[in-house]
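Chemist: next one to model:
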Amino acid sequence: MDADTHRADVDVAAAGAEAVSRNADIIGPREQAALRAATVLVAGCGGGGGVVEPLTRLGVLRFRLADPDRFDVSNLNRQACTQADVGRSKPEAIADRVRALNPSADVTVYPQGLTLDNLDEALDGAHIVFDGIDPTMSAWVKYQLHERAARRGIPVLAGMDFGGKPTLYVFDYRRNPVPFYGRASAEAHRENRLWESMRWTGSTHVPSDFLPVQADRFANGGTWPQIGYCVLGLATLTTRAVVDLLMNRRTRHVVTMDVHAAVMTRPAALLHRARMPVELLKTRRALRAATRRGPRPKETAPQPPRPLPERLATLLDGARLAPSAYNAQPWRFELLDDRTVLPAPDPARWPAADRDPLGWADSLGCALGAMTYLAHGEWEPRPPGQTEALGPVGRFHCDRLRDDVLLRQGVLGLRATHREDLLRTPLDQSTAKRIELLCAERNLTLDTVTGPTALARLARTEFDAAMSADPARDAELRAWLRERARTAKGRSSFGDQSDLLDGSGLPGSLARALHGETVQAALARPLRSAAAKGQARRLRNSGAVLVLRGPRRTVADRLEAGAALMHIWLTLTEAGYAAQPLRGEFGRPPAGLASDGDNGILAILRTGRATAAPPHRIMRCPVEGSVRWAG
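Modeler: Numbering: from 1, shown residues only. Okay, here's the model as predicted:
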């Protein structure tokens, strides 16, 4: 007998068996057979597209994919697409992905989506339906999908992603042939009454941290936030539910897991769940108020007189995140053209009571450091002979954004002042060398205080200095901070004094009480002692204290100091270290750190690995409030 030279069919069968061989002993032989024989209709390939790949890997060979939409860049954070798929039809792109995983797959595509005309064709012969139809787009088609599936006895799985809680609703219409199990009416879907048409989701399955978001979207509309790990979690739940439904097993009606609560500590998870009744009550009140008010007319956002150039918009958005004393943000930015910005001080934002005449320049230097961190360009400081005190301090010409600008934007967004205890682990050699190189390039001197003995000595000196300080010395500045925070606009743009560098945690609460207007004289010393002990403890509980020294007599010196501080801080953030400036809100370095000849103290950073969650960023003024076009 001649040898079999045409083995393509045998190879296909062998490859198919090998592709699912690792499913064995988790998926039984009959379950694997049911998956191979199944036809799965996926209606809505946005979130629904995420279930297709795990089902394909599990062994499903026949799909019907329906969606009228195309992938766009905003889908990349969660949907089954790549950059190459942007602009493509969602079902067609996912069909290609299925065929790439298994060339034997049989995929039917409905690029026009499901309609009343093709629903019956799509449902005929289907074993399982996944409903990923957006109710805000096709509410009536969604209802008809369930109604016609119920008539045929086809189970429908409907997925919802509530923030960090993927939730799968199983409608096994073989056992209860009522659309949505009677929890939503045909009229609500036909008339696009969103809240009523979504009653089948219930309210107790929405986690407490997502209820405020849900209430806002139902009341005011807008894009629903979605996250990739929640969509992947939904795909995981769906894949297992499909196996059980194909085997005619009973399942829960609601299958869910709260990803956020799952990784919390037990006390935090209990608090997360305990907030549910309160948030649910707030949500219902908001929905009732929105129903009484009726649809809110769309407001047209005021347009700026001239849009910011894209490159400079990126730079200035980074610059506004720079740290500044008193969170004063004492800067304004004049734009010469699409690539050139002139940083300048804004005297209206700087307290007149500050005793350092050039204090604003450190903060402006930090903003400049943020811009140079994000872009390649040339910085030209103002020539020393020019004496315009409040004019531009120089010009920065942006050549191009850095190749890793997205990573750097992330670092800028993560940078924050960590005021709690830090691990005493010293800096790793690679990070320490990077910081030393930064300082050497700028002809600045870097001293590092590290080790338990040196840090304890510094902490003791700081405690003694804090106990001998006169609280009344800074009364005018503290009054300025309180006055700035009296208005809603002031709080939304600058925060309040509790957000400042010396006003955190218990020590900050004690310090604010000490400097308050009603504290009794008899309590002043105990409060001052408790606050000083907290500050000293934080110095001891650090990996290192970095002291940056250099000239600080001119505006150029101070700008350079601020830029250097910013780059050092961002280098620490990149390496996973937390940091806190220690010059204090009122310009006094910690005691025990004296100037070295002509080299004054430019900046001091307490650093180490954080042991607590990062703090919320304090408030910032909008970019538009700090920008104007020159000329």
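
Chemist: for the stretch 201-350 of the chain, what are the low-confidence residue spans?
Modeler: For the stretch 201-350 of the chain, the stretches with pLDDT under 70 are 291, 293-305.

Chemist: can you give me the strands for it?
Modeler: 254-256, 331-335, 340-345 (DSSP state E, counting those that start in this stretch).

Chemist: mind checking these for the one nearest to Gln580?
Modeler: Of all the strands of the stretch 201-350 of the chain, strand 331-335 sits nearest to Gln580, with 22.0 Å by Cβ to Cβ. Every C-beta, even on glycine, is put in place using the N, C-alpha and C of the backbone.

Chemist: follow-up on the earlier one: reformat the strands of the stretch 201-350 of the chain as JSON lines; add mean neighbour count and distance to Leu605.
Modeler: Listed next are the strands of the stretch 201-350 of the chain as JSON lines, based on neighbours: other Cβ atoms under 10 Å; distance: least, Cβ to Cβ, whole Å:
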{"stretch": "strand 254-256", "mean neighbour count": "17", "distance to Leu605": "44"}
{"stretch": "strand 331-335", "mean neighbour count": "21", "distance to Leu605": "21"}
{"stretch": "strand 340-345", "mean neighbour count": "22", "distance to Leu605": "23"}
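
Chemist: in TSV, list those along with distance to Ala122.
Modeler: Converted to TSV, those look like this (distance: least, Cβ to Cβ, whole Å):
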stretch	distance to Ala122
strand 254-256	24
strand 331-335	55
strand 340-345	56
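
Chemist: dump the host helix or strand of Leu145 to PDB, keeping only the CA atoms.
Modeler: For Leu145, the host element (DSSP states H and E) is helix 139-152. Listed next in PDB are the C-alpha coordinates belonging to helix 139-152 (Å, rounded to 0.1, in the frame of the first residue of the first chain):
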ATOM      1  CA  ALA A 139     -31.400  49.000  24.300                       C
ATOM      2  CA  TRP A 140     -34.300  47.600  22.200                       C
ATOM      3  CA  VAL A 141     -32.100  45.200  20.300                       C
ATOM      4  CA  LYS A 142     -30.600  44.100  23.600                       C
ATOM      5  CA  TYR A 143     -34.100  43.300  24.900                       C
ATOM      6  CA  GLN A 144     -35.100  41.500  21.700                       C
ATOM      7  CA  LEU A 145     -31.900  39.400  21.900                       C
ATOM      8  CA  HIS A 146     -33.000  38.200  25.400                       C
ATOM      9  CA  GLU A 147     -36.600  37.700  24.400                       C
ATOM     10  CA  ARG A 148     -35.800  35.600  21.300                       C
ATOM     11  CA  ALA A 149     -33.200  33.600  23.100                       C
ATOM     12  CA  ALA A 150     -35.700  32.900  25.900                       C
ATOM     13  CA  ARG A 151     -38.200  31.700  23.300                       C
ATOM     14  CA  ARG A 152     -35.500  29.300  22.000                       C
END
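
Chemist: ok so, going back, nearest to Tyr229, of the strands of the stretch 201-350 of the chain?
Modeler: strand 254-256 (14.2 Å).

Chemist: list the helices and strands that closest one packs on?
Modeler: Secondary-structure packing of strand 254-256 (3 or more Cβ pairs under 8 Å, 6 or more residues apart in numbering; DSSP states H and E): strand 165-171, helix 228-246.

Chemist: point out the most buried one among these.
Modeler: Most buried of those, by mean neighbour count (mean count of other Cβ atoms under 10 Å): strand 165-171, with a mean of 24.

Chemist: how about Leu358: what's its closest non-neighbour residue?
Modeler: Arg558 (5.1 Å; Cβ to Cβ, 6 or more residues apart in numbering).

Chemist: now do the contacts for the closest residue to Val12 other than its chain neighbours.
Modeler: Take Val12 and drop its neighbours on the chain: the residue closest to it by Cβ to Cβ, 6+ apart is Ser104, 5.9 Å away. Counting by Cβ atoms under 8 Å, 6 or more residues apart in numbering, Ser104 touches Val12, Gly16, Leu61.

Chemist: Trp569 too?
Modeler: Pro323, Arg415, Ala579, Leu605.

Chemist: nearest to Arg22, of those residues?
Modeler: Distance to Arg22 across those (Cβ to Cβ) is lowest for Arg415, with 43.9 Å.

Chemist: distance of that closest one from Pro207?
Modeler: Distance from Arg415 to Pro207, counting by Cβ to Cβ, to the nearest Å: 29 Å.

Chemist: cool, and Arg152?
Modeler: Distance, Arg152 to Pro207, using Cβ to Cβ: 34 Å.

Chemist: same question for Ala313.
Modeler: Taken as Cβ to Cβ, the span from Ala313 to Pro207 is 35 Å.

Chemist: more neighbours: the two, which one.
Modeler: Shown here are Ala313 and Pro207; by other Cβ atoms under 10 Å, Pro207 has more neighbours (22 against 13).

Chemist: confirm for me that the more buried one is in contact with Ala262.
Modeler: No: look at Pro207 against Ala262 with Cβ atoms under 8 Å: they stay out of range, at 11.1 Å.

Chemist: now do stretch 444-454, average pLDDT.
Modeler: Mean per-residue pLDDT for stretch 444-454: 91.

Chemist: buried residues in it?
Modeler: If you call a residue buried by 16 or more other Cβ atoms under 10 Å, then stretch 444-454 has these buried ones: Leu444, Leu446, Thr448, Val449, Thr450.

Chemist: same check, this time on stretch 428-437
Modeler: Buried residues in stretch 428-437, defined by neighbour count with 16+ other Cβ under 10 Å: Thr431, Ala432, Arg434, Ile435.

Chemist: give me the contacts around that stretch.
Modeler: Residues from elsewhere that reach stretch 428-437 (Cβ under 8 Å, 6+ apart): Leu427, Leu446, Thr448, Leu546, Ile568, Thr571, Leu572, Ala575, Tyr577.

Chemist: what about stretch 191-210, distance to the chain center?
Modeler: Taking Cα atoms, centre = their mean, to the nearest Å, one finds the center of stretch 191-210 at 25 Å from the center of the full chain.

Chemist: what residues does that stretch touch?
Modeler: Contact with stretch 191-210 is made by 135-136, 139-140, 142-143, 158, 160, 162-165, 167, 169, 180-181, 183-185, 187-189, 214, 218, 254, 256, 258, 260-261, 272-273, 275-276, 278-280, 283-284, 287, 291, as judged by Cβ under 8 Å, 6+ apart.

Chemist: do that again at 6 Å, thanks
Modeler: Stretch 191-210 has contacts (Cβ atoms under 6 Å, 6 or more residues apart in numbering) with 135, 139, 160, 162-163, 165, 167, 180, 183-184, 188-189, 214, 218, 256, 258, 272, 275-276, 279-280.

Chemist: enumerate every residue touching Gly164.
Modeler: Gly164 touches Cys230, Val259, His260, counting by Cβ under 6 Å, 6+ apart.

Chemist: export the residues you listed to TSV and tack on distance to Leu123?
Modeler: Converted to TSV, these look like this (distance: Cβ to Cβ, whole Å):
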residue	distance to Leu123
Cys230	28
Val259	32
His260	36
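
Chemist: which one of those is nearest Arg620?
Modeler: His260 (26.5 Å).

Chemist: and the nearest residue to the closest one once chain neighbours are set aside, how close does it get to Glu476?
Modeler: Nearest non-adjacent residue to His260, counting by Cβ to Cβ, 6+ apart: Gly164, 3.9 Å away. Using Cβ to Cβ, Gly164 is found at 47 Å from Glu476.

Chemist: give me the pLDDT for Ala579.
Modeler: On the pLDDT scale, Ala579 gets 93.

Chemist: ok, residues contacting the host helix or strand of it?
Modeler: If you go by DSSP H and E, Ala579 is part of strand 578-581. Taking contacts as Cβ under 6 Å, 6+ apart, the residues outside strand 578-581 that touch it are Thr417, His418, Arg419, Leu422, Trp569, Leu572, Leu605, Arg606, Thr607, Ala610.

Chemist: recalculate using a threshold of 7 Å.
Modeler: Residues outside strand 578-581 that contact it (Cβ atoms under 7 Å, 6 or more residues apart in numbering) are 323, 417-419, 422, 501, 569, 572, 603-610.

Chemist: export that strand to PDB, keeping only CA atoms.
Modeler: Coordinates of each C-alpha in strand 578-581 appear next as PDB, following Å, rounded to 0.1, in the frame of the first residue of the first chain:
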ATOM      1  CA  ALA A 578       9.600  58.100  48.400                       C
ATOM      2  CA  ALA A 579      10.900  61.600  49.400                       C
ATOM      3  CA  GLN A 580      10.000  64.600  51.500                       C
ATOM      4  CA  PRO A 581      11.700  68.000  51.400                       C
END
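
Chemist: good, wrapping up.
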